[in-house]
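Enquirer: could you look at this predicted model? Sequence included:
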Amino acid sequence: MSSSSQIAKLQLGDQTYELPVRVGTEGNRAIDISKLYAMTKHITLDDGYGNTGSTMSTITYVDGEAGVLRYRGYPVEEIAERCDFTETAYLLIYGELPKGEELEKFRTNIRRHTLLHEGMKTLFAGFPPSAHPMAILSSVVGALAIYDKDSGDPGDPIQSEMAIYRMLAKMPTIAAFGYKQSIGQSFIYPNNSLTYCQNFLHMMFAVPSEQYEMDVDFVNALNLLLILHADHGQNCSTSAVRMVGSSNVNLFSAISAGICALWGALHGGANEACINMLEGIMAGGRNLGKYIDKAKDPDDPFRLMGFGHRVYKNYDPRARLCKTVCNRLIEKYGGEDPLFELARELEEIALSDPYFIERKLYPNVDFYSGIIYRIMGIPKNMFTVLFALGRVPGWIAHWREMHLSPTNRIHRPRQLYTGHTERKFVPLIKR
Ligand code: CMC
(Lines give C-alpha, C1' and ligand atoms only; values in the text may rest on other atoms or scores of the structure.)
Protein backbone atom coordinates (compact mmCIF):
# COMPACT_ATOMS: atom_id res chain seq x y z
CA MET A 1 0.00 0.00 0.00
CA SER A 2 3.01 2.32 -0.09
CA SER A 3 5.57 3.11 -2.77
CA SER A 4 9.09 4.47 -2.46
CA SER A 5 9.87 5.96 -5.86
CA GLN A 6 11.57 9.01 -4.33
CA ILE A 7 14.61 9.38 -2.14
CA ALA A 8 15.61 11.99 0.45
CA LYS A 9 19.27 12.97 0.73
CA LEU A 10 20.87 13.54 4.11
CA GLN A 11 24.17 15.38 4.34
CA LEU A 12 26.23 14.52 7.43
CA GLY A 13 29.68 16.09 7.27
CA ASP A 14 31.04 15.26 3.85
CA GLN A 15 28.92 12.12 3.48
CA THR A 16 25.58 12.02 1.67
CA TYR A 17 23.09 9.31 2.56
CA GLU A 18 20.03 8.32 0.59
CA LEU A 19 16.81 7.50 2.42
CA PRO A 20 13.67 6.12 0.75
CA VAL A 21 10.54 8.29 0.81
CA ARG A 22 7.42 6.22 1.43
CA VAL A 23 4.18 7.53 0.01
CA GLY A 24 0.86 6.58 1.60
CA THR A 25 -2.37 6.00 -0.29
CA GLU A 26 -3.58 9.54 0.46
CA GLY A 27 -0.34 11.08 -0.83
CA ASN A 28 1.10 11.51 2.67
CA ARG A 29 4.87 11.13 2.80
CA ALA A 30 7.42 9.68 5.21
CA ILE A 31 11.19 9.53 5.10
CA ASP A 32 12.10 5.98 6.01
CA ILE A 33 14.89 6.17 8.58
CA SER A 34 14.75 2.53 9.68
CA LYS A 35 18.29 1.92 8.33
CA LEU A 36 19.66 5.31 9.42
CA TYR A 37 21.51 4.09 12.51
CA ALA A 38 23.08 1.19 10.66
CA MET A 39 24.21 3.57 7.91
CA THR A 40 25.28 6.61 9.97
CA LYS A 41 25.41 5.70 13.70
CA HIS A 42 22.95 8.57 14.22
CA ILE A 43 19.46 8.32 15.67
CA THR A 44 16.63 10.81 15.13
CA LEU A 45 15.27 12.82 18.05
CA ASP A 46 11.58 13.70 18.35
CA ASP A 47 10.33 14.35 21.89
CA GLY A 48 6.65 13.40 22.15
CA TYR A 49 6.79 11.69 18.72
CA GLY A 50 5.17 14.71 17.06
CA ASN A 51 6.96 13.92 13.81
CA THR A 52 7.46 10.19 14.06
CA GLY A 53 5.53 7.59 12.11
CA SER A 54 5.77 4.50 14.30
CA THR A 55 4.21 2.19 11.72
CA MET A 56 2.39 1.94 8.42
CA SER A 57 -1.29 1.29 9.02
CA THR A 58 -4.36 0.67 6.87
CA ILE A 59 -6.95 1.21 9.60
CA THR A 60 -7.76 4.90 10.09
CA TYR A 61 -6.99 7.98 8.07
CA VAL A 62 -6.91 11.33 9.86
CA ASP A 63 -6.30 14.54 7.92
CA GLY A 64 -5.87 17.01 10.75
CA GLU A 65 -5.60 20.07 8.50
CA ALA A 66 -8.88 19.31 6.71
CA GLY A 67 -10.69 17.82 9.72
CA VAL A 68 -11.22 14.45 8.03
CA LEU A 69 -11.55 11.07 9.74
CA ARG A 70 -12.10 7.80 7.88
CA TYR A 71 -12.31 4.22 9.11
CA ARG A 72 -10.89 1.83 6.50
CA GLY A 73 -11.64 4.50 3.88
CA TYR A 74 -15.23 5.25 4.95
CA PRO A 75 -15.97 8.75 6.31
CA VAL A 76 -16.78 8.57 10.02
CA GLU A 77 -19.95 10.60 9.40
CA GLU A 78 -21.27 7.88 7.09
CA ILE A 79 -20.30 5.06 9.44
CA ALA A 80 -21.96 6.91 12.33
CA GLU A 81 -25.15 7.28 10.33
CA ARG A 82 -25.37 3.82 8.81
CA CYS A 83 -23.60 1.31 11.05
CA ASP A 84 -23.98 0.10 14.57
CA PHE A 85 -21.00 -0.22 16.90
CA THR A 86 -20.49 -3.96 16.42
CA GLU A 87 -20.49 -3.56 12.64
CA THR A 88 -17.96 -0.73 13.01
CA ALA A 89 -15.82 -2.98 15.21
CA TYR A 90 -15.84 -5.66 12.50
CA LEU A 91 -14.86 -3.11 9.86
CA LEU A 92 -11.97 -1.77 11.93
CA ILE A 93 -10.65 -5.17 12.98
CA TYR A 94 -11.00 -7.11 9.71
CA GLY A 95 -10.79 -4.28 7.19
CA GLU A 96 -14.08 -4.69 5.30
CA LEU A 97 -17.75 -4.07 5.99
CA PRO A 98 -19.18 -7.47 6.96
CA LYS A 99 -21.66 -9.35 4.80
CA GLY A 100 -24.92 -10.32 6.54
CA GLU A 101 -23.82 -13.78 7.67
CA GLU A 102 -20.34 -12.55 8.70
CA LEU A 103 -21.90 -9.90 10.90
CA GLU A 104 -24.34 -12.36 12.46
CA LYS A 105 -21.52 -14.80 13.25
CA PHE A 106 -19.46 -11.97 14.75
CA ARG A 107 -22.36 -10.82 16.94
CA THR A 108 -23.08 -14.40 18.06
CA ASN A 109 -19.45 -14.99 18.97
CA ILE A 110 -19.38 -11.81 21.04
CA ARG A 111 -22.68 -12.63 22.78
CA ARG A 112 -21.35 -16.03 23.79
CA HIS A 113 -18.62 -14.47 25.93
CA THR A 114 -20.36 -11.66 27.81
CA LEU A 115 -20.25 -13.40 31.20
CA LEU A 116 -17.29 -13.10 33.53
CA HIS A 117 -15.82 -15.97 35.51
CA GLU A 118 -17.75 -15.96 38.80
CA GLY A 119 -14.45 -15.78 40.67
CA MET A 120 -13.86 -12.34 39.19
CA LYS A 121 -16.66 -10.91 41.30
CA THR A 122 -14.36 -11.13 44.31
CA LEU A 123 -11.99 -8.73 42.53
CA PHE A 124 -14.69 -6.06 42.38
CA ALA A 125 -15.59 -6.66 46.01
CA GLY A 126 -12.02 -5.90 47.03
CA PHE A 127 -11.99 -2.39 45.55
CA PRO A 128 -12.91 0.49 47.89
CA PRO A 129 -16.03 2.49 46.90
CA SER A 130 -13.80 5.50 46.22
CA ALA A 131 -11.80 3.60 43.55
CA HIS A 132 -11.80 5.36 40.18
CA PRO A 133 -13.61 3.20 37.60
CA MET A 134 -10.66 3.50 35.20
CA ALA A 135 -8.37 1.91 37.80
CA ILE A 136 -10.92 -0.88 38.26
CA LEU A 137 -11.26 -1.30 34.50
CA SER A 138 -7.54 -1.62 33.83
CA SER A 139 -7.10 -4.02 36.76
CA VAL A 140 -9.98 -6.31 35.84
CA VAL A 141 -9.17 -6.30 32.11
CA GLY A 142 -5.59 -7.22 33.08
CA ALA A 143 -7.02 -10.02 35.25
CA LEU A 144 -8.76 -11.57 32.23
CA ALA A 145 -5.33 -13.03 31.45
CA ILE A 146 -5.62 -15.04 34.66
CA TYR A 147 -9.03 -16.47 33.85
CA ASP A 148 -8.88 -16.83 30.06
CA LYS A 149 -5.58 -18.61 29.69
CA ASP A 150 -6.49 -20.41 26.47
CA SER A 151 -6.51 -17.16 24.49
CA GLY A 152 -3.12 -15.76 25.47
CA ASP A 153 -0.87 -16.56 22.53
CA PRO A 154 -0.91 -13.74 19.95
CA GLY A 155 0.95 -15.98 17.50
CA ASP A 156 -1.89 -18.52 17.41
CA PRO A 157 -4.73 -17.37 15.08
CA ILE A 158 -7.40 -19.40 16.90
CA GLN A 159 -6.37 -18.08 20.31
CA SER A 160 -6.21 -14.55 18.91
CA GLU A 161 -9.75 -14.77 17.56
CA MET A 162 -10.95 -16.06 20.92
CA ALA A 163 -9.17 -13.22 22.71
CA ILE A 164 -10.82 -10.68 20.37
CA TYR A 165 -14.34 -12.00 21.06
CA ARG A 166 -13.71 -12.19 24.78
CA MET A 167 -12.28 -8.68 24.93
CA LEU A 168 -15.20 -7.13 23.05
CA ALA A 169 -17.77 -9.17 24.97
CA LYS A 170 -16.49 -8.71 28.50
CA MET A 171 -15.57 -5.03 28.37
CA PRO A 172 -19.17 -3.72 28.87
CA THR A 173 -19.74 -6.26 31.66
CA ILE A 174 -16.55 -5.22 33.46
CA ALA A 175 -17.33 -1.51 33.01
CA ALA A 176 -20.89 -1.89 34.34
CA PHE A 177 -19.92 -4.23 37.22
CA GLY A 178 -17.30 -1.68 38.34
CA TYR A 179 -19.98 0.99 38.45
CA LYS A 180 -22.50 -1.19 40.30
CA GLN A 181 -19.85 -2.11 42.88
CA SER A 182 -19.00 1.58 43.43
CA ILE A 183 -22.63 2.50 44.19
CA GLY A 184 -23.34 -0.59 46.28
CA GLN A 185 -25.90 -2.14 43.92
CA SER A 186 -26.00 -5.76 42.87
CA PHE A 187 -24.44 -6.72 39.56
CA ILE A 188 -26.85 -6.98 36.67
CA TYR A 189 -25.86 -9.87 34.42
CA PRO A 190 -25.70 -9.41 30.66
CA ASN A 191 -28.84 -10.18 28.69
CA ASN A 192 -27.70 -11.60 25.38
CA SER A 193 -30.98 -10.89 23.63
CA LEU A 194 -30.06 -7.20 23.71
CA THR A 195 -27.75 -5.32 21.36
CA TYR A 196 -24.23 -4.33 22.49
CA CYS A 197 -25.28 -0.81 23.51
CA GLN A 198 -28.61 -1.88 25.02
CA ASN A 199 -26.83 -4.54 27.04
CA PHE A 200 -24.38 -2.04 28.49
CA LEU A 201 -27.16 0.39 29.52
CA HIS A 202 -29.12 -2.54 30.99
CA MET A 203 -26.13 -3.65 33.10
CA MET A 204 -25.47 -0.04 34.18
CA PHE A 205 -28.97 1.09 35.06
CA ALA A 206 -31.28 -1.88 35.66
CA VAL A 207 -31.92 -3.06 39.22
CA PRO A 208 -33.22 -6.52 40.16
CA SER A 209 -36.40 -5.16 41.73
CA GLU A 210 -37.75 -3.09 38.85
CA GLN A 211 -38.38 -3.21 35.12
CA TYR A 212 -35.82 -1.05 33.32
CA GLU A 213 -37.31 1.13 30.57
CA MET A 214 -34.62 1.84 28.02
CA ASP A 215 -34.66 5.17 26.20
CA VAL A 216 -34.06 4.49 22.51
CA ASP A 217 -32.43 7.91 22.06
CA PHE A 218 -29.89 7.03 24.76
CA VAL A 219 -29.14 3.76 23.00
CA ASN A 220 -28.62 5.65 19.73
CA ALA A 221 -26.49 8.31 21.40
CA LEU A 222 -24.31 5.65 23.02
CA ASN A 223 -23.98 3.83 19.70
CA LEU A 224 -22.82 7.06 18.05
CA LEU A 225 -20.38 7.95 20.82
CA LEU A 226 -18.81 4.49 20.80
CA ILE A 227 -18.41 4.67 17.02
CA LEU A 228 -16.82 8.13 17.21
CA HIS A 229 -14.31 6.87 19.77
CA ALA A 230 -13.59 3.57 18.00
CA ASP A 231 -10.22 4.47 16.50
CA HIS A 232 -7.93 7.40 15.91
CA GLY A 233 -4.62 6.20 14.54
CA GLN A 234 -1.47 6.16 16.66
CA ASN A 235 -2.79 8.11 19.66
CA CYS A 236 -1.25 7.68 23.12
CA SER A 237 -3.33 4.69 24.25
CA THR A 238 -3.20 2.88 20.90
CA SER A 239 0.56 3.38 20.80
CA ALA A 240 0.67 1.95 24.33
CA VAL A 241 -1.30 -1.11 23.19
CA ARG A 242 1.07 -1.59 20.25
CA MET A 243 4.16 -0.98 22.37
CA VAL A 244 3.14 -3.41 25.12
CA GLY A 245 1.67 -5.90 22.62
CA SER A 246 4.92 -5.91 20.63
CA SER A 247 6.56 -7.95 23.41
CA ASN A 248 4.09 -10.75 22.45
CA VAL A 249 2.12 -10.43 25.67
CA ASN A 250 -1.57 -11.45 25.60
CA LEU A 251 -4.24 -9.07 24.25
CA PHE A 252 -5.81 -8.42 27.67
CA SER A 253 -2.54 -7.17 29.18
CA ALA A 254 -1.86 -4.96 26.15
CA ILE A 255 -5.34 -3.43 26.39
CA SER A 256 -5.03 -2.98 30.13
CA ALA A 257 -1.98 -0.82 29.38
CA GLY A 258 -4.00 1.12 26.81
CA ILE A 259 -6.71 1.79 29.40
CA CYS A 260 -4.09 3.23 31.78
CA ALA A 261 -2.74 5.48 29.02
CA LEU A 262 -6.24 6.64 28.14
CA TRP A 263 -7.05 7.66 31.71
CA GLY A 264 -4.81 10.75 31.72
CA ALA A 265 -6.45 14.18 31.45
CA LEU A 266 -4.51 15.04 28.28
CA HIS A 267 -6.05 12.01 26.54
CA GLY A 268 -9.38 10.28 27.32
CA GLY A 269 -9.57 11.76 30.80
CA ALA A 270 -10.27 15.13 29.14
CA ASN A 271 -14.02 14.39 28.92
CA GLU A 272 -14.29 14.19 32.72
CA ALA A 273 -11.89 17.12 33.16
CA CYS A 274 -13.94 19.17 30.69
CA ILE A 275 -17.18 18.75 32.64
CA ASN A 276 -15.30 19.53 35.88
CA MET A 277 -14.04 22.70 34.19
CA LEU A 278 -17.49 23.72 32.94
CA GLU A 279 -19.02 23.10 36.36
CA GLY A 280 -16.22 25.11 37.97
CA ILE A 281 -16.85 28.03 35.60
CA MET A 282 -20.57 27.84 36.33
CA ALA A 283 -20.07 27.68 40.10
CA GLY A 284 -17.62 30.61 39.91
CA GLY A 285 -20.26 32.91 38.41
CA ARG A 286 -19.76 32.17 34.70
CA ASN A 287 -16.74 34.43 34.34
CA LEU A 288 -15.76 33.05 30.93
CA GLY A 289 -13.24 35.78 30.19
CA LYS A 290 -11.25 34.84 33.28
CA TYR A 291 -10.90 31.24 32.12
CA ILE A 292 -10.01 32.22 28.56
CA ASP A 293 -7.29 34.48 30.00
CA LYS A 294 -6.04 31.69 32.23
CA ALA A 295 -5.88 29.31 29.25
CA LYS A 296 -3.83 31.88 27.32
CA ASP A 297 -1.44 32.66 30.16
CA PRO A 298 1.84 30.76 29.58
CA ASP A 299 2.56 30.90 33.33
CA ASP A 300 -0.77 29.31 34.25
CA PRO A 301 -0.98 25.50 33.87
CA PHE A 302 -4.75 25.79 33.17
CA ARG A 303 -5.82 24.63 29.71
CA LEU A 304 -9.21 24.74 28.09
CA MET A 305 -10.14 21.08 28.41
CA GLY A 306 -11.71 19.54 25.32
CA PHE A 307 -9.82 22.01 23.15
CA GLY A 308 -6.80 21.48 20.93
CA HIS A 309 -5.38 18.35 19.37
CA ARG A 310 -1.98 17.10 18.26
CA VAL A 311 -3.30 16.20 14.81
CA TYR A 312 -6.45 18.28 14.21
CA LYS A 313 -5.70 21.84 13.21
CA ASN A 314 -9.35 22.22 12.21
CA TYR A 315 -12.72 21.38 13.78
CA ASP A 316 -12.63 17.79 15.01
CA PRO A 317 -15.39 16.02 12.97
CA ARG A 318 -16.26 13.97 16.06
CA ALA A 319 -16.90 17.13 18.08
CA ARG A 320 -19.28 18.37 15.37
CA LEU A 321 -21.31 15.14 15.54
CA CYS A 322 -21.34 15.24 19.36
CA LYS A 323 -22.64 18.80 19.29
CA THR A 324 -25.49 17.75 16.98
CA VAL A 325 -26.46 14.92 19.35
CA CYS A 326 -26.34 17.34 22.31
CA ASN A 327 -28.78 19.59 20.49
CA ARG A 328 -31.08 16.70 19.66
CA LEU A 329 -31.18 15.27 23.20
CA ILE A 330 -31.55 18.68 24.85
CA GLU A 331 -34.47 19.51 22.58
CA LYS A 332 -36.15 16.25 23.58
CA TYR A 333 -35.52 16.70 27.32
CA GLY A 334 -36.74 20.18 28.14
CA GLY A 335 -35.02 22.41 25.60
CA GLU A 336 -32.20 23.80 27.72
CA ASP A 337 -29.07 22.70 29.48
CA PRO A 338 -27.04 25.43 31.21
CA LEU A 339 -23.78 23.51 30.83
CA PHE A 340 -24.33 23.09 27.08
CA GLU A 341 -25.11 26.80 26.78
CA LEU A 342 -21.91 27.58 28.65
CA ALA A 343 -19.86 25.23 26.45
CA ARG A 344 -21.26 26.80 23.28
CA GLU A 345 -20.45 30.28 24.54
CA LEU A 346 -16.95 29.23 25.53
CA GLU A 347 -16.42 27.74 22.08
CA GLU A 348 -17.64 30.92 20.39
CA ILE A 349 -15.33 33.14 22.44
CA ALA A 350 -12.33 30.85 21.94
CA LEU A 351 -12.87 30.50 18.19
CA SER A 352 -12.83 34.28 17.74
CA ASP A 353 -9.78 34.83 19.98
CA PRO A 354 -6.43 35.33 18.18
CA TYR A 355 -4.65 33.00 20.66
CA PHE A 356 -6.83 30.04 19.67
CA ILE A 357 -7.02 31.07 15.99
CA GLU A 358 -3.23 31.34 15.61
CA ARG A 359 -2.65 28.00 17.31
CA LYS A 360 -5.53 26.36 15.42
CA LEU A 361 -7.19 25.16 18.63
CA TYR A 362 -10.72 23.83 18.10
CA PRO A 363 -13.11 21.75 20.20
CA ASN A 364 -12.09 18.09 20.19
CA VAL A 365 -14.23 14.98 20.78
CA ASP A 366 -14.11 15.48 24.55
CA PHE A 367 -15.65 18.96 24.54
CA TYR A 368 -19.28 17.91 24.03
CA SER A 369 -19.25 14.16 24.73
CA GLY A 370 -19.47 14.66 28.52
CA ILE A 371 -22.62 16.74 28.12
CA ILE A 372 -24.27 13.82 26.30
CA TYR A 373 -23.16 11.38 29.01
CA ARG A 374 -24.58 13.70 31.70
CA ILE A 375 -27.95 13.80 29.95
CA MET A 376 -27.91 10.01 29.81
CA GLY A 377 -27.32 9.82 33.56
CA ILE A 378 -23.76 8.49 33.26
CA PRO A 379 -21.73 9.68 36.26
CA LYS A 380 -18.67 11.82 35.55
CA ASN A 381 -16.09 9.29 36.69
CA MET A 382 -17.49 6.82 34.12
CA PHE A 383 -16.96 9.13 31.12
CA THR A 384 -13.47 7.86 30.35
CA VAL A 385 -14.65 4.29 30.85
CA LEU A 386 -17.11 4.91 28.01
CA PHE A 387 -14.27 6.28 25.89
CA ALA A 388 -12.38 3.04 26.59
CA LEU A 389 -15.44 0.96 25.71
CA GLY A 390 -15.56 2.71 22.35
CA ARG A 391 -11.80 2.46 21.72
CA VAL A 392 -11.56 -1.33 22.24
CA PRO A 393 -12.13 -2.21 18.53
CA GLY A 394 -9.40 0.25 17.54
CA TRP A 395 -6.95 -1.17 20.06
CA ILE A 396 -7.76 -4.69 18.87
CA ALA A 397 -7.45 -3.71 15.20
CA HIS A 398 -3.98 -2.22 15.79
CA TRP A 399 -2.85 -5.16 17.92
CA ARG A 400 -3.99 -7.55 15.17
CA GLU A 401 -2.48 -5.49 12.35
CA MET A 402 0.83 -5.38 14.20
CA HIS A 403 0.93 -9.12 14.78
CA LEU A 404 0.00 -9.90 11.16
CA SER A 405 2.71 -7.60 9.81
CA PRO A 406 5.75 -9.44 8.43
CA THR A 407 7.98 -6.60 9.70
CA ASN A 408 6.65 -6.79 13.27
CA ARG A 409 9.29 -6.71 15.99
CA ILE A 410 9.49 -5.54 19.57
CA HIS A 411 9.12 -1.77 19.92
CA ARG A 412 12.25 -0.31 21.35
CA PRO A 413 12.92 3.41 20.81
CA ARG A 414 16.41 4.73 21.44
CA GLN A 415 17.45 7.82 23.41
CA LEU A 416 20.04 10.56 23.26
CA TYR A 417 21.85 10.11 26.55
CA THR A 418 22.57 13.47 28.24
CA GLY A 419 23.50 12.27 31.76
CA HIS A 420 26.88 12.05 33.52
CA THR A 421 29.80 10.53 31.74
CA GLU A 422 31.50 7.71 33.66
CA ARG A 423 32.35 8.70 37.22
CA LYS A 424 34.00 7.13 40.23
CA PHE A 425 31.74 5.39 42.75
CA VAL A 426 31.54 7.12 46.17
CA PRO A 427 31.07 4.78 49.17
CA LEU A 428 28.09 5.56 51.46
CA ILE A 429 30.16 6.98 54.35
CA LYS A 430 31.92 9.43 52.05
CA ARG A 431 28.77 10.90 50.40
N1 CMC B 1 -5.85 25.44 26.08
C2 CMC B 1 -4.96 26.44 25.97
N3 CMC B 1 -3.86 26.38 25.20
C4 CMC B 1 -3.63 25.27 24.52
C5 CMC B 1 -4.52 24.18 24.58
C6 CMC B 1 -5.65 24.30 25.40
N7 CMC B 1 -6.52 23.28 25.48
N8 CMC B 1 -4.04 23.17 23.81
C9 CMC B 1 -2.89 23.62 23.28
N10 CMC B 1 -2.64 24.89 23.69
C11 CMC B 1 -1.52 25.75 23.30
C12 CMC B 1 -0.24 25.31 23.99
O13 CMC B 1 -0.08 25.99 25.24
C14 CMC B 1 0.79 25.70 22.98
O15 CMC B 1 0.96 27.10 23.05
P16 CMC B 1 2.43 27.77 22.77
O17 CMC B 1 2.72 27.46 21.33
O18 CMC B 1 2.24 29.20 23.07
O19 CMC B 1 3.36 27.06 23.71
C20 CMC B 1 0.12 25.41 21.64
O21 CMC B 1 -1.28 25.53 21.91
C22 CMC B 1 0.40 24.02 21.10
O23 CMC B 1 0.04 23.07 22.10
P24 CMC B 1 0.86 21.75 22.45
O25 CMC B 1 0.77 21.49 23.91
O26 CMC B 1 2.22 21.84 21.84
O27 CMC B 1 0.02 20.71 21.66
P28 CMC B 1 0.13 19.15 21.83
O29 CMC B 1 -0.09 18.60 20.48
O30 CMC B 1 1.38 18.74 22.53
O31 CMC B 1 -1.07 18.78 22.81
C32 CMC B 1 -3.26 18.34 23.56
C33 CMC B 1 -2.33 18.37 22.35
C34 CMC B 1 -4.56 17.68 23.15
C35 CMC B 1 -2.63 17.50 24.68
C36 CMC B 1 -3.50 19.79 24.04
O37 CMC B 1 -4.15 20.53 23.04
C38 CMC B 1 -4.30 19.84 25.35
O39 CMC B 1 -3.72 19.75 26.42
N40 CMC B 1 -5.66 19.96 25.25
C41 CMC B 1 -6.50 19.88 26.43
C42 CMC B 1 -6.70 18.43 26.81
C43 CMC B 1 -7.64 17.73 25.86
O44 CMC B 1 -8.69 18.25 25.50
N45 CMC B 1 -7.28 16.49 25.49
C46 CMC B 1 -8.12 15.64 24.62
C47 CMC B 1 -7.48 15.39 23.29
S48 CMC B 1 -8.63 14.74 22.05
C49 CMC B 1 -9.11 13.18 22.58
C50 CMC B 1 -7.98 12.26 22.87
O51 CMC B 1 -7.13 12.00 22.02
O52 CMC B 1 -7.95 11.74 23.97
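Expert: Perfect, I can see it now. Numbers count the residues shown, from 1 in each chain.

Enquirer: quick one: the helices in the stretch 251-400 of the chain?
Expert: If you assign secondary structure with DSSP state H, counting those that start in this stretch, the helices in the stretch 251-400 of the chain sit at 251-263, 270-283, 288-296, 317-332, 338-351, 354-358, 365-376, 383-404.

Enquirer: residues contacting N248?
Expert: Contacts for N248 (CB atoms under 8 Å, 6 or more residues apart in numbering) come out as 154-155, 410. Every C-beta, even on glycine, is put in place using the N, C-alpha and C of the backbone.

Enquirer: pipe the helices of the stretch 251-400 of the chain into JSON lines and attach distance to E87 per row.
Expert: What follows is those, written out as JSON lines (distance: least, CB to CB, whole Å):
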{"stretch": "helix 251-263", "distance to E87": "21"}
{"stretch": "helix 270-283", "distance to E87": "24"}
{"stretch": "helix 288-296", "distance to E87": "39"}
{"stretch": "helix 317-332", "distance to E87": "17"}
{"stretch": "helix 338-351", "distance to E87": "30"}
{"stretch": "helix 354-358", "distance to E87": "36"}
{"stretch": "helix 365-376", "distance to E87": "20"}
{"stretch": "helix 383-404", "distance to E87": "10"}
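
Enquirer: nearest to C83, of those?
Expert: For those, the distance to C83 is smallest for helix 383-404, at 11.5 Å, taking CB to CB.

Enquirer: alongside the ligand, which residues does the stretch 201-350 of the chain contribute?
Expert: 235, 266-268, 270, 295, 303-310 (CB under 6 Å from any ligand atom).

Enquirer: among those, the buried ones, what's the PyMOL command?
Expert: This is the PyMOL syntax for the buried subset of those, where burial follows 16 or more other CB atoms under 10 Å:
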select buried, resi 235+267+268+270+295+303+304+305+306+307+308+309
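
Enquirer: so which of the residues of the stretch 201-350 of the chain next to the ligand is the closest to G13?
Expert: For G13, the nearest member of these is R310. The distance, counting by CB to CB, is 33.7 Å.

Enquirer: surely the closest one touches T52?
Expert: No. Applying CB atoms under 8 Å, one finds R310 not in contact with T52, separated by 11.8 Å.

Enquirer: so what's the residue in the chain that the ligand sits nearest to closest to, chain neighbours aside?
Expert: At 2.4 Å from the ligand, G308 is the closest residue in the chain, using CB to the nearest ligand atom. Nearest-residue entry for G308: L361, 4.3 Å, with adjacent residues in sequence omitted and distances by CB to CB, 6 or more residues apart in numbering.

Enquirer: tell me the contacts of the one you found?
Expert: Counting by CB under 8 Å, 6+ apart, the residues that L361 touches are 304, 307-308, 350, 355.

Enquirer: do that again at 7 Å, thanks
Expert: The contact partners of L361, by CB atoms under 7 Å, 6 or more residues apart in numbering, come to 307-308, 350.

Enquirer: redo the helices of the stretch 251-400 of the chain as a markdown table? Include mean pLDDT.
Expert: Rendered in a markdown table, the data for those read as follows (pLDDT from 0 to 100):
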| stretch | mean pLDDT |
| --- | --- |
| helix 251-263 | 98 |
| helix 270-283 | 95 |
| helix 288-296 | 96 |
| helix 317-332 | 94 |
| helix 338-351 | 96 |
| helix 354-358 | 97 |
| helix 365-376 | 94 |
| helix 383-404 | 98 |
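
Enquirer: quick one: closest of those helices to G67.
Expert: helix 317-332 (5.5 Å).

Enquirer: okay, the angle between that closest one and helix 365-376?
Expert: An angle of 20 degrees separates the directions of helix 317-332 and helix 365-376 when computed by axes from the mean of the first three to the mean of the last three CA atoms, to 10 degrees.

Enquirer: now the angle from helix 317-332 to helix 270-283?
Expert: Here helix 317-332 runs at an angle of 50 degrees relative to helix 270-283 (the same axes, to 10 degrees).

Enquirer: elements contacting helix 317-332?
Expert: The criterion is 3 or more CB pairs under 7 Å, 6 or more residues apart in numbering; DSSP states H and E, and the helices and strands that helix 317-332 contacts are strand 68-71, helix 76-82, helix 216-228, helix 365-376.

Enquirer: so does the first one get close to the ligand?
Expert: No. If you take CB under 6 Å from any ligand atom as the test, strand 68-71 misses the ligand, and the best it gets is 11.9 Å.

Enquirer: pull the distance from that strand to the chain's centre.
Expert: In terms of CA atoms, centre = their mean, to the nearest Å, the centre of strand 68-71 is found 15 Å from the chain centre.
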